[in-house]
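Peer 1: how does the following fold in three dimensions:
(4 chains)
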2 protein chains.
Amino acid sequence: MKRITIYDVAKEADVSLATVSRVINDSNVVREDTRIRVQQAIEKLGYKPNAIAQGLALSKTTTISIVMSERLISYNAKILNGLMNIASTYHYNIMFHVISKGINEMSDIVESIIKSHVDGVILFNDDFTQDEMEALLVYQIPIVIVGSKIHKTDLPNVANVYVDFEKLAYDLVNSYFDKGITDISLVEDKLNMYMMNRLKQGFEKAYRDKGMEFTNYISFDDSYKNSYIYLSKFFKKNKPSQLIVSFRDSQAVAVMNSLKEAGYSIPEDSELICILNNKYLTMVRPNISAYSLPEYDMGTIAMRLLQKMLMEQNSGKPRFIEQSFSFIPRQTTK
Amino acid sequence: MKRITIYDVAKEADVSLATVSRVINDSNVVREDTRIRVQQAIEKLGYKPNAIAQGLALSKTTTISIVMSERLISYNAKILNGLMNIASTYHYNIMFHVISKGINEMSDIVESIIKSHVDGVILFNDDFTQDEMEALLVYQIPIVIVGSKIHKTDLPNVANVYVDFEKLAYDLVNSYFDKGITDISLVEDKLNMYMMNRLKQGFEKAYRDKGMEFTNYISFDDSYKNSYIYLSKFFKKNKPSQLIVSFRDSQAVAVMNSLKEAGYSIPEDSELICILNNKYLTMVRPNISAYSLPEYDMGTIAMRLLQKMLMEQNSGKPRFIEQSFSFIPRQTTK
DNA sequence: TTGTACGCGTTATCAA
DNA sequence: TTGATAACGCGTACAA
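Peer 2: A predicted model of the protein is given here:
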């Protein structure tokens, strides 16, 4: 099937293709009756502008790349929804890239982003190096990094929408210090090293500020099954801390189940907090306390920010938007 | 920054752009020393072909659209991973579209798919009408529908990778009939109407075949909280069936928690099966029995199928690939 | 207000 | 084996 082009419309409406182009792009220098004639021709033929040709002519694709690591898709579904919904209100197309170890590395993705000439990029901060990101900056592609705080803050064309996990951790630990509790454990998460490291920083800083050192890490492989098996043995040997903090749902539940099995009760013997909230935390008994993060909003804000950056082309100034968090006490904390 | 084009490379290597193009596309009619000269120029300048221009010249974008409904992203993460991994081995770019009620309807997405001139489309069967799908077929765009079985089987350029939920349900019910159990309930799922309907068909057929009628539906709004509140009241009034079947994790857990609270024990008083398996089913106590579906594989198969369809252009013949399922007995079934 | 002609960066067809 | 040139479909100065 031959696709209808702007030429076909021009012929049908008996005008030049320039006029058709003007009608499509709402140029106000078209006389009303010819505009109508052209519109009718467009309707009649079912003409749809070819975005590829437009992209070539304008050096602008109205397309945004989103890069996410494979194993975090289900965790980032809400942020993704926020991103996609705003993208669609701006009529951006979305190129979706997943980083997946051994199959699709960040360097491949950078390559395809450059070839595709997308207008901007959303990165979830994980799995990419400073160099890989800067490869994009060479091509002046605006980037918004979403998730946690980035280190380098002086990069032009880079913005950051984040929750300050370091502060969250710091405040959390201090609030327990205030209650006189210093025996706290942190369960390590290998799935999300970047955010995990911020948490660690916060923990260590809080202890350091009190003249102590934090070393109470619990770590193991990242599947639920493995962590459960590990923890079951662990808590049969070791008395649990007064507070145990984990990052994701699976770990929190693994801690809970293995504590119970070892004869400890929550929150009496040991309190439990999971950083990332989700519905599964309320499905287990007792319900697990957590932090509420504005995930959907982070998506919408990130996409709006990118849109702004695309409008005021190369204003270059970096932007940082911190999002707040709030504690949701449930049944695993006193 | 001006992007390097094929002209720049041609000038640098002192050849015509036609020759550069030949080198890029591995044409074998290039003399070895000029090929090397061109390669060096490409390296030196850091030239990357412009995919947009290629798309225009070839009428082929090497891009696939994936369409999914907003609320199913986290449930379909594994299928998505399968799709993305195979896509990246074929070097396809992925345009990602989400249907989200009131924000981005299927008709908008069809529009943008057509404008973008993607080579093929992967649809998750939900949320779109026959008409919307056929709008794509008018443009000869090959489609693979993944998830459950489609009704119309005579459409050219349409393939289907699916699990037969009707058969699954039918077999499930019959296996309980064989044990002499006919008191079975099915929890309705509003999130995934299409698959849910297939399940219903299977239930009703199984009962009909035994000269009975199946009417034992339990239905309510779709959040965990709502279902838990509803079910808690429900099981305080009504004695639960001998077997309760639900589609998703949240409902299964809601049933479990409310049964316990009403003083029933699982599986002694009431057995429980959740159709879609995931890790959360093994985190609660007792572990919930479920069906294992080859989700990741469905993704890889769907993308490979689409690739084949793109190669043998408009062979037109429809293809149907059924995937098997298997029951995973855990602690909620006897 | 409208039309002509060129450019966007490639690929492909012909000649040379 | 190479090079010139016409597509691909659109936007846009510039001219009319």
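
Peer 1: endpoints of stretch A:317-325, how far apart?
Peer 2: 26 Å (C-alpha to C-alpha, to the nearest Å).

Peer 1: burial measure for the closest residue to A:I103 other than its chain neighbours, as a count.
Peer 2: Spatial nearest neighbour of A:I103, excluding adjacent residues (C-beta to C-beta, 6 or more residues apart in numbering or on different chains): B:N85 at 5.1 Å. For the C-beta atoms, the positions are set from N, CA and C on the backbone; glycine is no exception. A count of neighbours around B:N85, defined by other C-beta atoms under 10 Å in any protein chain shown, yields 19.

Peer 1: and B:N85, what pLDDT?
Peer 2: You'll see B:N85 listed with a pLDDT of 98.

Peer 1: in which helix or strand does A:K152 reside?
Peer 2: For A:K152, there is no host helix or strand (DSSP states H and E).

Peer 1: what sits against it?
Peer 2: A:Q130, A:V158 (C-beta atoms under 8 Å, 6 or more residues apart in numbering or on different chains).

Peer 1: any idea how far DNA strand C is from it?
Peer 2: 30 Å (C-beta to the nearest atom of the strand, to the nearest Å).

Peer 1: check contacts around the closest residue to DNA strand D within the stretch 101-250 of chain A.
Peer 2: Residue of the stretch 101-250 of chain A nearest DNA strand D, by C-beta to the nearest atom of the strand: A:H117 (13.0 Å). Neighbouring residues of A:H117 by C-beta under 8 Å, 6+ apart: A:G55, A:S59, A:T61, A:T63, B:N50, B:A51, B:I52.

Peer 1: I figured the fourth one was touching A:H91, is that so?
Peer 2: What that stands for is A:T63. No: the criterion here is C-beta atoms under 8 Å, and A:T63 misses it with A:H91 at 10.4 Å.

Peer 1: who's more crowded, the two?
Peer 2: Counting neighbours by other C-beta under 10 Å for A:T63 and for A:H91 shows that A:T63 has the greater number, 23 against 11.

Peer 1: residue contacts, the nearest residue to that one once chain neighbours are set aside?
Peer 2: Closest residue in space to A:T63, ignoring its immediate chain neighbours: A:N93 at 4.3 Å, by C-beta to C-beta, 6+ apart. Shown in contact with A:N93 (C-beta under 8 Å, 6+ apart): A:A51, A:T61, A:T62, A:T63, A:I64, A:A87, B:M95, B:S112, B:S116.

Peer 1: just these now: which is nearest A:G180?
Peer 2: Within the contacts of A:N93, the smallest distance to A:G180 is 48.8 Å, found for A:A87 (C-beta to C-beta).

Peer 1: now do the helix or strand harbouring that closest one: everything it contacts.
Peer 2: In this structure, A:A87 sits in helix A:77-89 according to DSSP H and E. The contact list for helix A:77-89, computed with C-beta under 8 Å, 6+ apart, reads A:64, A:66, A:68, A:73, A:93-94, A:122, A:124, A:146, A:295-304, A:307, B:70, B:73-74, B:77, B:96, B:98, B:100, B:103-104, B:108.

Peer 1: let's see 7 Å
Peer 2: Residues outside helix A:77-89 that contact it (C-beta atoms under 7 Å, 6 or more residues apart in numbering or on different chains): A:64, A:66, A:94, A:122, A:146, A:295-300, A:302-304, B:70, B:73-74, B:98, B:100, B:103-104.

Peer 1: can you give me the offset of it from its chain's centre?
Peer 2: 10 Å (C-alpha atoms, centre = their mean, to the nearest Å).

Peer 1: what's the following helix or strand after it?
Peer 2: Next along from helix A:77-89, by DSSP H and E: strand A:93-99.

Peer 1: buried ones among the contacts of A:H117?
Peer 2: A:G55, A:T61, A:T63, B:N50, B:A51, B:I52 (16 or more other C-beta atoms under 10 Å in any protein chain shown).

Peer 1: moving C-terminal of the helix or strand of chain A with the lowest mean pLDDT, what's the next helix or strand?
Peer 2: When the helices and strands of chain A are scored by mean pLDDT, DSSP states H and E, helix A:224-237 comes last with a mean of 87. Later in the chain than helix A:224-237, the nearest helix or strand by DSSP H and E is strand A:243-246.

Peer 1: measure A:D26 to B:K190 for me?
Peer 2: Remark: distance between A:D26 and B:K190 (C-beta to C-beta, to the nearest Å) = 41 Å.

Peer 1: more neighbours: these two, which one.
Peer 2: Of the pair A:D26 and B:K190, B:K190 is the one with more neighbours under other C-beta under 10 Å, namely 12 against 8.

Peer 1: distance of that one from B:Y224?
Peer 2: For B:K190, the distance to B:Y224 - C-beta to C-beta - is 13 Å.

Peer 1: how about A:M193?
Peer 2: From A:M193 to B:Y224 the distance is 30 Å (C-beta to C-beta).

Peer 1: out of those two, which sits in the busier spot?
Peer 2: Applying other C-beta under 10 Å to A:M193 and B:Y224 shows that B:Y224 carries more neighbours, namely 18 against 13.

Peer 1: could you pull out the strands for the stretch 151-300 of chain A?
Peer 2: A:158-163, A:184-187, A:217-218, A:243-246, A:271-276, A:289-292 (DSSP state E, counting those that start in this stretch).

Peer 1: among those, which is nearest DNA strand C?
Peer 2: Comparing these under C-beta to the nearest atom of the strand, the one sitting nearest is strand A:158-163, at 24.2 Å.

Peer 1: between strand A:271-276 and the closest one, find me the angle.
Peer 2: 150 degrees (axes from the mean of the first three to the mean of the last three C-alpha atoms, to 10 degrees).

Peer 1: which other helices and strands contact strand A:158-163?
Peer 2: Other elements packing on strand A:158-163 under the criterion 3 or more C-beta pairs under 7 Å, 6 or more residues apart in numbering or on different chains; DSSP states H and E are strand A:143-148, helix A:295-311, strand A:319-323.

Peer 1: output that strand in CSV, but only the C-alpha positions, please.
Peer 2: Output in CSV follows, covering the C-alpha atoms of strand A:158-163 (Å, rounded to 0.1, in the frame of the first residue of the first chain):
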residue,chain,number,x,y,z
VAL,A,158,21.9,17.5,33.1
ALA,A,159,19.1,17.6,35.6
ASN,A,160,18.3,15.4,38.5
VAL,A,161,15.0,14.5,40.2
TYR,A,162,15.7,12.5,43.4
VAL,A,163,15.0,11.5,46.9
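
Peer 1: how about the residues of chain A near DNA strand C?
Peer 2: Counting by C-beta under 7 Å from any atom of the strand, chain A comes close to DNA strand C at A:14-19, A:22, A:29-31, A:33-35, A:53, A:56-57, A:59.

Peer 1: may I see the buried residues of stretch A:86-100?
Peer 2: A:I86, A:A87, A:S88, A:Y92, A:N93, A:I94, A:M95, A:F96, A:H97, A:V98, A:I99, A:S100.

Peer 1: swap that for stretch A:15-28, sorry
Peer 2: A:V15, A:T19, A:V20, A:S21, A:R22, A:V23, A:I24.

Peer 1: per-residue pLDDT of the residue of chain A positioned farthest from its centre, please?
Peer 2: Computed with C-alpha atoms, centre = their mean, the residue of chain A farthest from its C-alpha average is A:D14, at 49.8 Å. Among the per-residue scores, A:D14 shows a pLDDT of 94.

Peer 1: same check on A:M1?
Peer 2: The model's pLDDT for A:M1 equals 66.

Peer 1: now the helices for the stretch 1-150 of chain A?
Peer 2: Assigned by DSSP state H, counting those that start in this stretch, the stretch 1-150 of chain A shows helices spanning A:6-13, A:17-24, A:32-45, A:51-58, A:77-89, A:106-116, A:130-138.

Peer 1: state the distance from A:M309 to A:S65.
Peer 2: When A:M309 is compared with A:S65 (using C-beta to C-beta), they lie 14 Å apart.

Peer 1: neighbour-wise, which of those two wins?
Peer 2: Taking neighbours as other C-beta under 10 Å, A:M309 and A:S65 compare with A:S65 leading, 25 against 22.
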